[in-house]
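Chemist: build the 3D model from these lines:
(chains A and B)
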Amino acid sequence: MPKLVYADNAATARVLPQVLEAMLPYFGEEYANPSSLYPFAYKAKNAVEAAREKVAALLGATAREIYFTSCGSEADNWAIKGAVLASKKEKKHIITTAIEHHAVLHTCQYLEKKGVEVTYLGVDETGVISLDELKAAIRPETVLISVMFANNEIGSIQPIKEIGAIAREHGILFHTDAVQAAGHIPIDVAEMNIDLLALSGHKFGAPKGIGAMYIRKGVLIDPLIHGGGHERGRRAGTENVPYTVGLGVAAEIAMEKMPGEMERLSKLRDRLIEGALKLPYTFLTGPQENRLPGLASFCIEGIEGEALLLNLYNAGVCASSGSACSSGDLDPSHVLLAIGLPHHVAHGSLRLSLGEVNTEEDVDHILEALPQVVSKLRSMSPVWENGKPMWHLED
Amino acid sequence: MYSDKVLDHFSNPRNVGEMEDANAVGTVGNPKCGDIMKMYLKIEDGVIVDAKFKTFGCGAAVATSSMATELVKGKRVEDALKLTNQAVVDALDGLPPAKIHCSVLAEEAIKTAIADYYKQQGIDPTPIIGCSGDCAHCCGHNHEE
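Modeler: Prediction:
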């Protein structure tokens, strides 16, 4: 294969070379347990604390409010289960949205089985919740509002500051799954009234297997992992020193490069969107404005997403889809259904997510490959006749 | 994970396209499930002399359609009716469990096309083939829609 364009950065991003380099000593000579008391362990301990400072800086938090976890999913689970378990209310209610990542959605569904009531707020056609609906959903027994910062499939960004203000006004904890946002767009936990925030390292240049949780000072939630006194007694388990160091360096680089990368990626994304929308019966999913800088998402009528991905890969492009077949499920993505797309259209979804590895040439390559692949698949599709789909979205 | 054979049949599907002079056409699946197969057969003196397909669906749906057309080409109609989804799966060196329904769809597409052939001959296909509709192997609601 001559050229492979990696346009699936929302699935995972490559580990930055500087990150890998910074991690390596902690696999080797600096192998001490940071909890040990002798000076040999000081470097490991200091490295973990320096990483905490860097992650805190990325979020506008203080270092004491940052707790390292094994991944974003752990942080989401901890925030939600921990908040529910810590609540002294007799009846417990959570407000979340229909477009959350499964780390939140399935945690809420699990808690429903345990007697917790959950409201799943719908979204408009661009994938954004209504603040009025949020206010209306609040009950005396509401213990947590959990709304994702930015959506992984369609790139929509929620009005986090406004949601935080509503939660604060009602004295309800506010958690946000910021896995797609952290390291990519500005987050200020103080200004946005965020109480709990989950992030994942591998979405912005750290390795897979490290995440973090922000817990606002004074917010009490139960631990998910009991054991030793690590992470100030709130998350047991010997610190993953090299990965934590990697997360810190990735956070530092993300913060430094964010303004430039946001501008660069937004331009690449917009060119990608403009080019892709020249295909007939193809439309953007998610908002036109106020979307994640690197994320372009579409539905292409008359074809199926997994077949599209496999063909795109044959043409040298890594992408993803929310089609049923690509998820191993029978239904297309809950996000695409939540923004009101019918099943037959949602099956033809495509997500291209650009990141630091991508260039103008990559966008050129995608825009050259995509029409060929779409045309090949449409030519063999029984639901594509005379240059149009048999079931059009507008029908 | 797909086998090399699935990837080959998906990337280079055999017998893809429409057939102008087909005398047996069958469509199975539904757009809600994301899988639709349309099978075209040309049957002469009880022998399938040509087979073509068009498929809207995932990689496995395309590969099973392609393999099914290969497997029935040159066969007598009675023999083609014996084609099982497992034979299609085996010929493709296996399918992931979540994709087995695609092979079922391919088997049913062949049967539905042959049922169409019998109907055109004035023969009731039901006693020969049984239910030739795709019996809810996808989302379980084909019969209601």
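Chemist: do I have it right that B:V16 meets B:K52?
Modeler: Yes - with contact defined as C-beta atoms under 8 Å, B:V16 counts as touching B:K52 (6.9 Å). Heads up, the C-betas are built off the backbone N, CA and C, glycines and all.
Chemist: neighbour count: those two, which is higher?
Modeler: B:K52 (21 against 17; other C-beta atoms under 10 Å in any protein chain shown).
Chemist: from the contact counts, what lies against the one helix or strand that one maps to?
Modeler: B:K52 belongs to strand B:47-56 when assigned by DSSP states H and E. In terms of contacts (3 or more C-beta pairs under 8 Å, 6 or more residues apart in numbering or on different chains; DSSP states H and E), strand B:47-56 is packed against strand B:35-44, helix B:59-72, helix B:77-80.
Chemist: tell me how far that strand lies from the chain's centre.
Modeler: 8 Å (C-alpha atoms, centre = their mean, to the nearest Å).
Chemist: worst-scoring helix or strand of chain A, pLDDT-wise?
Modeler: Sorted by mean pLDDT, DSSP states H and E, the helices and strands of chain A end with helix A:324-327, the least confident at a mean of 60.
Chemist: following that one, which helix or strand comes up?
Modeler: helix A:334-338.
Chemist: residue contacts, the most centrally placed residue in chain A?
Modeler: With distances taken as C-alpha atoms, centre = their mean, the residue of chain A nearest its centroid is A:Q180 (2.9 Å). Going by C-beta atoms under 8 Å, 6 or more residues apart in numbering or on different chains, A:Q180 touches A:10, A:148-152, A:155, A:203, A:292, A:295.
Chemist: using the three-state scheme, assign the closest residue to A:A32 other than its chain neighbours.
Modeler: Nearest residue to A:A32, sequence neighbours excluded (C-beta to C-beta, 6 or more residues apart in numbering or on different chains): A:A41, at 3.8 Å. Classification of A:A41 using DSSP: H, G, I helix; E, B strand; the rest coil returns helix.
Chemist: same question, the one 3 residues further on
Modeler: Classification of A:A44 using three-state DSSP returns helix.
Chemist: that one and A:Y26 touch, don't they?
Modeler: Yes - using C-beta under 8 Å as the test, A:A44 is close enough to A:Y26 to be in contact (6.6 Å).
Chemist: mutual contacts of those two, please.
Modeler: A:V241.
Chemist: re earlier: dump the contacts of A:Q180 to JSON lines, plus distance to A:M262, neighbour count and pLDDT.
Modeler: Listed next are those as JSON lines, based on distance: C-beta to C-beta, whole Å; neighbours: other C-beta atoms under 10 Å in any protein chain shown; pLDDT from 0 to 100:
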{"residue": "A:A10", "distance to A:M262": "15", "neighbour count": "25", "pLDDT": "97"}
{"residue": "A:M148", "distance to A:M262": "19", "neighbour count": "29", "pLDDT": "98"}
{"residue": "A:F149", "distance to A:M262": "15", "neighbour count": "24", "pLDDT": "98"}
{"residue": "A:A150", "distance to A:M262": "12", "neighbour count": "28", "pLDDT": "98"}
{"residue": "A:N151", "distance to A:M262": "17", "neighbour count": "32", "pLDDT": "97"}
{"residue": "A:N152", "distance to A:M262": "18", "neighbour count": "25", "pLDDT": "96"}
{"residue": "A:G155", "distance to A:M262": "13", "neighbour count": "26", "pLDDT": "97"}
{"residue": "A:K203", "distance to A:M262": "15", "neighbour count": "27", "pLDDT": "98"}
{"residue": "A:L292", "distance to A:M262": "10", "neighbour count": "28", "pLDDT": "98"}
{"residue": "A:L295", "distance to A:M262": "12", "neighbour count": "27", "pLDDT": "98"}
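Chemist: so where's the stretch 201-350 of chain A uncertain?
Modeler: Where the stretch 201-350 of chain A drops to pLDDT under 70, the residues are A:324-330.
Chemist: what parts of chain A come near chain B?
Modeler: A:302-307, A:310-311, A:314, A:323-326, A:328, A:330-332, A:342-344, A:347, A:379-384, A:391 (C-beta under 8 Å from any C-beta of the partner chain).
Chemist: now go through the residues you listed and say which are in strands.
Modeler: A:W384 (DSSP state E).
Chemist: from the contact counts, what lies against the longest helix seen in chain B?
Modeler: Identified as the longest helix of chain B according to DSSP state H is helix B:100-120. Applying 3+ C-beta pairs under 8 Å, 6+ apart, we find helix B:100-120 packed against strand B:24-30, strand B:35-44, helix B:59-72, helix B:77-80, helix B:85-91, helix B:126-129.
Chemist: in it, what counts as buried?
Modeler: B:100-118 (16 or more other C-beta atoms under 10 Å in any protein chain shown).
Chemist: please apply the same query to stretch A:139-148.
Modeler: A:142-148.
Chemist: contacts for stretch A:166-178 next, please.
Modeler: Against stretch A:166-178 from outside (C-beta under 8 Å, 6+ apart): A:72, A:76, A:79-80, A:83, A:100-101, A:103-104, A:131, A:134-135, A:138, A:142-150, A:158, A:160, A:163-164, A:187, A:193-199, A:219, A:221.
Chemist: list the ones among the residues you listed that fall in helices.
Modeler: The helices, defined by DSSP H, take in A:72, A:76, A:79-80, A:83, A:103-104, A:131, A:134-135, A:160, A:163-164 from these.
Chemist: spatially nearest residue to A:Y26 (excluding sequence neighbours)?
Modeler: Per C-beta to C-beta, 6+ apart, closest to A:Y26 is A:P242, 3.8 Å.
Chemist: going by secondary structure, the one you found is in what exactly?
Modeler: Residue-wise, A:P242 maps onto helix A:241-276 under DSSP H and E.
Chemist: ok, then the element right after that helix?
Modeler: Once helix A:241-276 ends, the next helix or strand along the chain (criterion: DSSP H and E) is strand A:282-284.
Chemist: CA atoms of the helix or strand following that following strand as CSV?
Modeler: Note on strand A:282-284: by DSSP H and E, the next helix or strand toward the C-terminus is strand A:295-300. Only the C-alpha atoms of strand A:295-300 are listed here, as CSV (Å, rounded to 0.1, in the frame of the first residue of the first chain):
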residue,chain,number,x,y,z
LEU,A,295,-13.9,16.1,13.3
ALA,A,296,-15.8,15.8,10.0
SER,A,297,-18.8,13.5,9.9
PHE,A,298,-21.2,12.6,7.2
CYS,A,299,-24.0,10.4,6.0
ILE,A,300,-23.7,9.1,2.5
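Chemist: neighbouring strands - and their directions - for strand A:295-300?
Modeler: strand A:282-284 (antiparallel), strand A:349-353 (antiparallel) (DSSP bridges).
Chemist: any chance of those in CSV, plus distance to A:H93?
Modeler: CSV is the format used below for the strands paired with strand A:295-300 (distance: least, C-beta to C-beta, whole Å):
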stretch, distance to A:H93
strand A:282-284, 35
strand A:349-353, 32
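Chemist: just those strands: most buried one?
Modeler: Of all those, strand A:349-353 has the most neighbours on average by mean count of other C-beta atoms under 10 Å in any protein chain shown, namely a mean of 27.
Chemist: that strand vs helix A:241-276, what angle?
Modeler: Strand A:349-353 runs at 120 degrees relative to helix A:241-276, counting by axes from the mean of the first three to the mean of the last three C-alpha atoms, to 10 degrees.
Chemist: how far does the helix holding A:P242 sit from the chain's center?
Modeler: Chain-centre distance of helix A:241-276: 13 Å, with C-alpha atoms, centre = their mean.
Chemist: buried ones in that helix?
Modeler: Applying 16+ other C-beta under 10 Å to helix A:241-276 flags A:241-255, A:258, A:261-262, A:264-265, A:268-269, A:271-273, A:275-276 as buried.
Chemist: for chain B, which residues score under the pLDDT cut-off?
Modeler: In chain B (pLDDT under 70), the answer is B:131-145.
Chemist: for it, list the residues in contact with chain A, please.
Modeler: Counting by C-beta under 8 Å from any C-beta, the residues of chain B near chain A are B:7, B:10-11, B:13, B:16-17, B:27, B:31-38, B:54-62, B:96, B:98-99, B:138-139.
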